[in-house]
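Colleague: Make a model of this:
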Amino acid sequence: MPKHTFLTGDRPTGRLHIGHFVGSLQNRVALQNSGDYNNFIMIADTQALTDNARNPEKIRNSLMEVALDYLAVGIDPTKSTILVQSGVPALAELTMYYLDLVSVARLNRNPTVKTEIKQKAFGESVPAGFLIYPVSQAADITAFKADTVPVGDDQEPMLEQTREIVRSFNHTYGKDVLVEPEGYFPPKGSGRLPGIDGNAKMSKSLNNGIYLADDADTVKQKIMSMYTDSNHIHVEDPGQVEGNVVFTYLDIFASDKAKVADLKAQYQYGGLGDVKLKRYLIDVMDGVLTPIRTRREAYAKDMAGVAQVLIDGTARANEVANQTLAEVRDAIGFNYFK
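Modeller: As a prediction, this is how the structure comes out:
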């Protein structure tokens, strides 16, 4: 049975947080370790430039941090290909071909893009590269004939746009060159994590996340500052579980579900303080993050080795992407010199 391929990527604009871990990193590791997939995992530096064009050092400084985070969560360079987007020129050429198959109106309707444009408060000054990044993402995915893409639930509109481009290209040029991808989503109930401040979105820009590289003391401080229930003033007061960030994290990360259920019952009845609850979450998160932190520290001792992983992975990615590009050019008829 032939192996499937998948590709996904993160923007190097800072360290990765546990929202990334829950959203897609766990799935990448699981698919990698299943042995059934050829894995291409991308650091999307070109995409990061779409809203950081005047601050490229931010991207350069973050690239190796993201690579360390990938390795720390268990991405194995002997099983997965880790590549740098800007090091694969075929992706930019594929993007140019796909742009002619997509209308501006369709790009403006993409709900993921609309949400992110609003969050970044671009107003009327939306960079063109930012608007068209669903097309760039389609190039990233199709270059590797990816049929499985591990992403968060909010990325489904992006995948649908990729599928539309695949269908349009194959129909327009009369050849089934490109592959339609399907999403591989987090388990139900473990979707996007809220920020520690109660904000529905955990993000680097809001500085409201727990990062994979945070030390134990930092994680403890962040958890102790977490939003719970503003009306739960005294220990004996009944507390609200719904919307309580501590319980949201316990639902996702605690393995002892019966204990979490008991804590919820105590909290709602009254008699369970926020400090005790947060201390339990600190223990839970320490169990999750300690192995990641340990692996990260080990890899960080050999940054030349980490750089070589990216060099080797990008070289391998070029071989695959160039083959797809050749097939795309043949389908279009851009093969004048053969």
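Colleague: Count residues in the vicinity of residue 91, would you?
Modeller: 27 (other CB atoms under 10 Å). To be clear about C-beta, it is placed using only N, CA and C from the backbone, and glycine gets the same treatment.
Colleague: quick one, what contacts it?
Modeller: With contact set as CB atoms under 8 Å, 6 or more residues apart in numbering, residue 91 has these partners: 46, 85, 136, 139, 140, 143, 321.
Colleague: Quick one: name whatever helix or strand follows the host helix or strand of it.
Modeller: In this assignment (DSSP states H and E), residue 91 forms part of helix 90-99. Remark: after helix 90-99, the chain's next helix or strand is helix 104-109, criterion DSSP H and E.
Colleague: Could you look up the next helix or strand downstream of that next one?
Modeller: Toward the C-terminus from helix 104-109 - assigned by DSSP H and E - lies helix 111-119.
Colleague: May I have that following helix as PDB, with CA atoms only?
Modeller: Taking Å, rounded to 0.1, in the frame of the first residue of the first chain, the C-alpha atoms of helix 111-119 are listed here in PDB:
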ATOM      1  CA  PRO A 111     -13.300  33.400   6.300                       C
ATOM      2  CA  THR A 112      -9.900  32.600   7.800                       C
ATOM      3  CA  VAL A 113      -8.300  35.400   5.900                       C
ATOM      4  CA  LYS A 114     -11.100  37.800   6.800                       C
ATOM      5  CA  THR A 115     -10.700  37.000  10.500                       C
ATOM      6  CA  GLU A 116      -6.900  37.400  10.400                       C
ATOM      7  CA  ILE A 117      -7.200  40.700   8.500                       C
ATOM      8  CA  LYS A 118      -9.500  42.000  11.200                       C
ATOM      9  CA  GLN A 119      -7.300  40.800  14.000                       C
END
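Colleague: Can you tell me which helices and strands it packs against?
Modeller: helix 128-131, helix 133-142, helix 156-173 (3 or more CB pairs under 8 Å, 6 or more residues apart in numbering; DSSP states H and E).
Colleague: quick one, that helix and helix 156-173 angle?
Modeller: 130 degrees (axes from the mean of the first three to the mean of the last three CA atoms, to 10 degrees).
Colleague: how distant is helix 111-119 from the center of its chain?
Modeller: 16 Å (CA atoms, centre = their mean, to the nearest Å).
Colleague: Mind listing residues that contact that helix?
Modeller: 107-108, 126, 130-131, 133-134, 154-155, 157-158, 201, 205.
Colleague: So for it, mean pLDDT?
Modeller: If you average the pLDDT over helix 111-119, you get 84.
Colleague: ok so, going back, can you tell me which of the contacts of residue 91 is nearest residue 5?
Modeller: Proximity of the contacts of residue 91 to residue 5 was ranked by CB to CB; the top entry is residue 143 with 10.2 Å.
Colleague: quick one, what contacts the closest one?
Modeller: Counting by CB under 8 Å, 6+ apart, the residues that residue 143 touches are 7, 88, 90, 91, 94, 320, 321, 324, 325.
Colleague: Residue 40: which element?
Modeller: strand 37-43.
Colleague: circling back: closest to residue 293 out of the helices and strands packed on helix 111-119?
Modeller: The nearest among these, by CB to CB, is helix 133-142 at 29.4 Å.
Colleague: between that closest one and strand 37-43, how many degrees?
Modeller: When the same axes, to 10 degrees is applied, the directions of helix 133-142 and strand 37-43 differ by 140 degrees.
Colleague: Contacts for helix 133-142 next, please.
Modeller: Taking CB under 8 Å, 6+ apart as the rule, helix 133-142 contacts 7, 9, 42, 44, 46-47, 50, 85, 91-92, 94-95, 98-99, 102, 107, 110, 112-113, 129, 149, 157-159, 161-162, 165-166, 178-179, 181, 324.
Colleague: and these, which are buried?
Modeller: By neighbour count, with 16 or more other CB atoms under 10 Å, the contacts of helix 133-142 hold 7, 9, 42, 44, 46-47, 50, 85, 91, 94-95, 98-99, 102, 107, 110, 112-113, 149, 157-159, 161-162, 165-166, 178-179, 181, 324 as buried.
Colleague: List the strands paired with the lowest-mean-pLDDT helix or strand in the chain, with their directions.
Modeller: The weakest-scoring helix or strand in the chain, judged by mean pLDDT, DSSP states H and E, is strand 4-10 (a mean of 74). Strand 4-10 has the following sheet partners, assigned by DSSP bridges: strand 37-43 (parallel).
Colleague: Can you name every helix or strand that the next helix or strand after the partner strand contacts?
Modeller: As assigned by DSSP H and E, the chain's next helix or strand after strand 37-43 is helix 45-48. Identification of packing neighbours for helix 45-48 by 3+ CB pairs under 8 Å, 6+ apart yields helix 56-73, helix 133-142.
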